[in-house]
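K.L.:
Got a sequence here, can you model it:
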Amino acid sequence: MPYQFDPVLPLPVRAHLLEGAQDIYRAAFNNALERSYSGDPRQEEIAHNRWHGRRSSAAM
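P.N.:
Residues are numbered from 1 along each chain as shown. Have a look, this model is predicted:
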């Protein structure tokens, strides 16, 4: 299920990420859900991994 607003993100995400990073997490997660991963039982895991990929790229 896509996240519409940051306050509904999982508690660990809200607790560990600044507001701007939460926006990026939400956008990456929602993007992964909207792509061809729909119906995949690992959909949420894939979406979460997309965030880690973006975060790693931004650190370089």
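
K.L.:
gap between residue 49 and residue 22?
P.N.:
With distances defined as CB to CB, to the nearest Å, the gap from residue 49 to residue 22 amounts to 17 Å. Just so you know, the C-beta spots here come from the backbone N, C-alpha and C atoms, and that holds for glycine as well.

K.L.:
Contact partners for residue 14?
P.N.:
Contact partners of residue 14, counting by CB atoms under 8 Å, 6 or more residues apart in numbering, are 6-7, 22.

K.L.:
Show me those that map onto helices.
P.N.:
Filtering those for membership in helices, criterion DSSP state H, returns residue 22.

K.L.:
Neighbour-wise, give me the winner out of the contacts of residue 14.
P.N.:
Counting neighbours by other CB atoms under 10 Å, residue 22 comes out on top of these with 18 neighbours.

K.L.:
Spatially central residue in the protein, please.
P.N.:
With distances taken as CA atoms, centre = their mean, residue 29 lies nearest the centre of the chain, 3.0 Å away.
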